[in-house]
Each structure stands twice: as structure tokens, then as C-alpha cells.
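*Asks:* Structural data only, the sequence is not supplied:
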């Protein structure tokens with residue numbers, strides 16, 4: 001799995017003119033599921049994003065995690081994170097998980113985060129989504145469950 005994590009002051013996702021998810025301070029997570037990703041990949045990436053210390057303490061140092069600041073996560077499925085751009089000008093998405101599998105993995109990630117007592121809002125899988133956010137910092141972190149060695 002690949003994730004782009006952005007620390008935000010607030011964020012929302014709109015589908016067809018309807019707001020389907022919104023958060024105050026926390027993280028926007030764009031999450032892409034790859035072919036071959038497993039429950040272990042989901043568990044690792046969920047724990048990593050939940051426990052990352054990327055919020056500033058009183059001295060301005062990254063010492064606080066999501067639960068320390070009472071933050072939430074806006075989790076948005078993003079298959080384009082798996083784009084292969086090595087050849088030609090049109091990206092290939094052959095490395096992305098098939099839709100049914102990807103949806104199951106993204107939903108499982110949201111479930112694991114909720115089990116860690118994190119408020120999670122989501123987009124709508126497979127829909128055209130408009131994501132709005134106020135990036136805080138900016139702070140943007142990339143995670144890849146296959147690069148955890």
C-alpha cells in the first residue's frame with residue numbers, strides 16, 4: 001500500500017455536490033492499494049499513520065501523534081498512487097489492486113484506525129471526488145508498506 005499523508009487544519013471530500021466526509025485538525029490520507037497487498041500491509045500502514053509523531057509540541061518539535069492532538073483522519077482511496085510512469089506519457093495502473101480488492105483493503109484500513117479510537121471520515125470508493133484541505137505546515141509524508149525493511 002502507498003499513502004500520501006498531509007497534516008491539515010481541516011479537510012472535506014465532496015461527491016456530486018454532497019459533502020461525504022469532513023474533519024477538523026488531523027490528517028488527509030490518500031491511500032492506494034497495490035496488487036498483492038495483504039492484511040499485514042493494511043495493519044502496518046494504519047498503525048504507522050496513527051502513531052506517527054508529526055504534530056508540533058509547545059517547542060515546535062514533532063513530538064505529538066494524532067491521538068495526542070485529538071486529530072481525525074480523512075481517508076481517500078487513490079489508485080493513481082500506483083501509477084507506473086516509466087514508459088511513454090500515459091501512466092499505467094497495472095500495479096493497482098483490482099477495484100473489489102482495493103475497496104476491501106481501504107475499508108479494512110478505516111476499520112483498523114477506528115479500532116485505535118481514531119475518528120475516520122472517508123470519501124466514496126470509485127467516485128469522482130473533490131477533496132479540499134488546508135495543509136498545515138505544510139507537512140506531507142509518503143509511506144509504502146513494501147519499503148518497511
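*Replies:* The structure has been received and is ready for your questions. Keep in mind the model is a prediction, meaning the values are calculated, not measured.

*Asks:* tell me what the one helix or strand residue 109 maps to is packed against?
*Replies:* Element membership for residue 109, per DSSP states H and E: helix 99-115. With contacts taken as 3 or more CB pairs under 8 Å, 6 or more residues apart in numbering; DSSP states H and E, helix 99-115 sits against strand 26-32, helix 39-51, strand 72-77, strand 119-122. C-beta: built from backbone N, CA, C; applies to glycine.

*Asks:* Quick check, residue 83 in contact with residue 90.
*Replies:* No - Residue 83 is beyond contact range of residue 90, at 9.6 Å (criterion: CB atoms under 8 Å).

*Asks:* if you count what's nearby, which of those two comes out ahead?
*Replies:* More crowded of residue 83 and residue 90, by other CB atoms under 10 Å: residue 83, with 15 against 8.

*Asks:* Which pLDDT value does the model give the more buried one?
*Replies:* Here the pLDDT value assigned to residue 83 is 95.

*Asks:* State the number of residues packed around the spatially closest residue to it that is not a sequence neighbour.
*Replies:* Nearest residue to residue 83, sequence neighbours excluded (CB to CB, 6 or more residues apart in numbering): residue 91, at 3.8 Å. Residue 91 has 13 neighbouring residues, counting by other CB under 10 Å.

*Asks:* contacting residues around residue 91?
*Replies:* Residue 91 makes contact with 80, 83-85, according to CB atoms under 8 Å, 6 or more residues apart in numbering.

*Asks:* I'd like the distance from stretch 41-55 to the chain centre, please.
*Replies:* Offset of stretch 41-55 from its chain centre (CA atoms, centre = their mean, to the nearest Å): 10 Å.

*Asks:* how close does residue 148 sit to residue 102?
*Replies:* 20 Å (CB to CB, to the nearest Å).

*Asks:* Look at those two and report which has more neighbours.
*Replies:* residue 102 (24 against 10).

*Asks:* Skipping its backbone neighbours, what lies nearest the more buried one in space?
*Replies:* Closest to residue 102 by CB to CB, 6+ apart is residue 33, at 4.0 Å.
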